[in-house]
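K.L.:
everything below, folded, please.
(chains A, B, C and D)
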Protein chains: 2
Amino acid sequence: MTSRDHAVVRLALDLAILTVREGALQVLTVTRGNEPFRGRPALPGGFLRDGEDLHAAAVRELREETALDGGAMHLEQLSVYGAPDRDPRGRIISVAYLAIVPDLPAPTAGSDAVAAAWLPVAAIRGGLAFDHDRILDDAVERARSRLEFTTLATAFCAPVFTIGDLRTVYEVVWGQSLDPRNFSRKVLSTVGFVEATDEKRNPLVGRPAALYRRGDRTVLNPPILRGAATVA
Amino acid sequence: MTSRDHAVVRLALDLAILTVREGALQVLTVTRGNEPFRGRPALPGGFLRDGEDLHAAAVRELREETALDGGAMHLEQLSVYGAPDRDPRGRIISVAYLAIVPDLPAPTAGSDAVAAAWLPVAAIRGGLAFDHDRILDDAVERARSRLEFTTLATAFCAPVFTIGDLRTVYEVVWGQSLDPRNFSRKVLSTVGFVEATDEKRNPLVGRPAALYRRGDRTVLNPPILRGAATVA
DNA sequence: ACAAAAGTGTTCCTTCTACACCCATGA
DNA sequence: TCATGGGTGTAGAAGGAACACTTTTGT
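P.N.:
Modelled structure (predicted):
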């Protein structure tokens, strides 16, 4: 065996599961019970199994962590992280996935016996194990970009939602405030973005808001661009 | 060993190396000398080596195929392809990279003893080995999108080039014609896209064109969007 | 002089932005 | 009737598309 041999690697999957909770962009983390990085938060993940498809493995991990299935969430491949020294236990290549989920009623406990918790992305600041800070950075930037060009924002929302709910997603993920009136028009004038229901929701105070469902469309044309606008 | 064990995988890299040659978008292919898919064209690639960084491995493969180094080209990770049955020889996960190179003076021969050839992307139509057709599709779409939002088009060009050369890249990659006058203005009004030289190039007929170098900027703001415009 | 390609100026139209204004509800 | 959030109209600014027109070369 020389150094020119084919590398022997293990293939891991890591999930950056994002949601909007309590007015902040949050990510699901698990606390590591073993070395290395014992006690530090990390992104949930696991190893690929024999004969298992990559995407199917990501779906499985997501279900184990959030009990969410199929259509209720968004799951896409993010990138591969394969620096030789990224894991002190050996050569482990990680395929990272970005998942977007609504604010879950059952908040945290996964089926694994590890402590899972939602942490605000803004509060993490380099505290994750391995190279997961970099994965999280990439995930957040991908999500921000997806809001511009796709209807991904609806994946952050419950099955029915108001235009105001949707706007809050944009404001929290982008970290800037948007004009409610122009936002409303843009969303409603894009056919297939949202689909009207005949229900309304009464806020604690103020005029009732119409409720909508997700539409068929996935790509946003024209896009909703984040300007260098007024940061909230 | 049950099916719940961690999968044992080999990790391959495949390169979609794109260029503009003879007025067409072309991709570098190698003809397979062994089964499976013997005699069929495939994307060049190879296996990750012990202790080798993923991106470094992609750079190495690109150099082996094109004798191009570092700054003269663009190289970015595309995606991971990991369907269990994607390679009949066993469980091989492939990390695909997109490379953009200028029209090379030394056209084809790689250092390996395999037959390398540039093929027009439009002429391939499902003829590649493994799942390389899908990788190529993803690569072309990524390149098209990159032209909209980044200065990637300069990576298709020689070290010095005219605005007309650059426009040809857009037209060939997008498959649509652009207004030369508006295109010229957009490029020149984006500071950092191209950098003027004081040389000119005389075409066989017509007014000489100013020559430019790549600029510092990588992101294009505002972007140059492909309309649903007049298809060439 | 003429053909061909490079580049400039100008007009029209679409889209974004900002903000005045009206609507519907609970307390 | 007042505070609060939902939603419409509209004027100005900015950017893209189309195209007439000028410039510079080789033959």
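
K.L.:
from now on I want contacts and neighbour counts done on CA atoms only, so please keep to that.
P.N.:
Noted.

K.L.:
who does the lengthiest strand in chain A pair up with?
P.N.:
Taking DSSP state E as the criterion, chain A has its longest strand at strand A:10-21. Using DSSP bridges, strand A:10-21 pairs in its sheet with strand A:24-31 (antiparallel), strand A:45-47 (antiparallel), strand A:92-100 (parallel).

K.L.:
out of the ones you listed, nearest to A:A209?
P.N.:
strand A:24-31 (22.2 Å; Cα to Cα).

K.L.:
centre of the chain to that closest one, how far?
P.N.:
Centroid separation for strand A:24-31 versus its chain: 10 Å, with Cα atoms, centre = their mean, to the nearest Å.

K.L.:
for the closest residue to A:Y97 other than its chain neighbours, what is the enclosing helix or strand?
P.N.:
Nearest non-adjacent residue to A:Y97, counting by Cα to Cα, 6 or more residues apart in numbering or on different chains: A:Q77, 4.4 Å away. Counting by DSSP states H and E, the element that carries A:Q77 is strand A:74-81.

K.L.:
circling back to that earlier point, indicate which one of the strands paired with strand A:10-21 is closest to DNA strand C.
P.N.:
Comparison of the strands paired with strand A:10-21 against DNA strand C by Cα to the nearest atom of the strand identifies strand A:24-31 as nearest, at 22.5 Å.

K.L.:
average pLDDT for the closest one, rounded please.
P.N.:
The average pLDDT within strand A:24-31 is 94.

K.L.:
what is the subsequent helix or strand relative to that strand?
P.N.:
Past strand A:24-31, the next helix or strand by DSSP H and E is strand A:41-42.

K.L.:
re earlier: now the angle from the strand holding A:Q77 to strand B:74-81?
P.N.:
Interaxial angle, strand A:74-81 versus strand B:74-81 (axes from the mean of the first three to the mean of the last three Cα atoms, to 10 degrees): 120 degrees.

K.L.:
quick check: A:D69 touching A:R63?
P.N.:
Yes - using Cα atoms under 8 Å, A:D69 is in contact with A:R63, at 6.1 Å.

K.L.:
can you list the neighbours in contact with the strand holding A:Q77?
P.N.:
Identification of contacts with strand A:74-81 by Cα atoms under 8 Å, 6 or more residues apart in numbering or on different chains yields A:55, A:58-59, A:93-101, A:138-139, A:142, A:152, A:155, B:54, B:77-80, B:95.

K.L.:
could you give the mean pLDDT of that strand?
P.N.:
For strand A:74-81, the per-residue pLDDT averages 97.

K.L.:
name the residues of it that come out as buried.
P.N.:
A:H74, A:L75, A:Q77, A:L78, A:S79, A:V80, A:Y81 (16 or more other Cα atoms under 10 Å in any protein chain shown).

K.L.:
in chain A, which ranges drop under the pLDDT threshold?
P.N.:
For chain A, the stretches with pLDDT under 70 are A:1-5, A:70-71, A:105-114, A:228-232.

K.L.:
not counting sequence-adjacent ones, nearest residue to A:V8?
P.N.:
A:V8 sits nearest to B:R10 (Cα to Cα, 6+ apart), 6.7 Å away.

K.L.:
surely that neighbour and B:R89 touch.
P.N.:
No - between B:R10 and B:R89 there is no contact under Cα under 8 Å: 10.5 Å.

K.L.:
out of these two, which sits in the busier spot?
P.N.:
B:R10 (18 against 9; other Cα atoms under 10 Å in any protein chain shown).

K.L.:
residues in a beta bridge with that one, which ones?
P.N.:
Counting by DSSP bridges, the residues bridging with B:R10 are B:I92.

K.L.:
tell me who's in contact with it.
P.N.:
A:H6, A:A7, A:V8, A:V9, B:F47, B:R91, B:I92, B:I93.

K.L.:
closest one of these to B:G206?
P.N.:
Among the contacts of B:R10, and counting by Cα to Cα, the member closest to B:G206 is B:F47, at 49.9 Å.

K.L.:
show me what the longest helix seen in chain A is in contact with.
P.N.:
Scanning chain A for the helix with the most residues, using DSSP state H, yields helix A:132-149. By Cα under 8 Å, 6+ apart, the residues outside helix A:132-149 that reach it are A:16, A:42-43, A:78, A:96, A:98, A:125-127, A:152-153, A:170, A:173-174, A:219-226.

K.L.:
near DNA strand C, which residues of chain A?
P.N.:
Taking Cα under 7 Å from any atom of the strand as the contact definition, chain A meets DNA strand C at A:179, A:181-182, A:186, A:202, A:204-208, A:222-224, A:227, A:229.

K.L.:
near DNA strand D too, which of those?
P.N.:
Answer for the residues of chain A next to DNA strand C near DNA strand D (Cα under 7 Å from any atom of the strand): A:R181, A:N182, A:V205, A:G206, A:R207, A:P208.

K.L.:
just read off the phi/psi values of A:D53.
P.N.:
phi -70, psi 150 (degrees, to the nearest 10).

K.L.:
could you pull up the contacting residues of it?
P.N.:
Contact analysis of A:D53 by Cα under 8 Å, 6+ apart lists B:G82, B:A83, B:P84.

K.L.:
tabulate the residues you listed (CSV), appending distance to B:H132.
P.N.:
What follows is these, written out as CSV (distance: Cα to Cα, whole Å):
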residue, distance to B:H132
B:G82, 12
B:A83, 12
B:P84, 15
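
K.L.:
and which of these is nearest DNA strand D?
P.N.:
Once Cα to the nearest atom of the strand is applied, the member of these that ends up nearest DNA strand D is B:G82, at 38.3 Å.

K.L.:
how many other residues sit next to the closest one?
P.N.:
21.

K.L.:
before we move on, which element is A:E65 in?
P.N.:
helix A:54-66.

K.L.:
can you give me the buried ones in that helix?
P.N.:
A:L54, A:H55, A:A57, A:A58, A:V59, A:E61, A:L62, A:E64, A:E65, A:T66.

K.L.:
ok now it, how far from the chain's centre?
P.N.:
With Cα atoms, centre = their mean, you get 13 Å for helix A:54-66.

K.L.:
beta partners for the residue lying closest to A:A96 once chain neighbours are set aside?
P.N.:
Nearest residue to A:A96, sequence neighbours excluded (Cα to Cα, 6+ apart): A:D14, at 4.7 Å. Residues in a beta bridge with A:D14, per DSSP bridges, are A:G45, A:A96.
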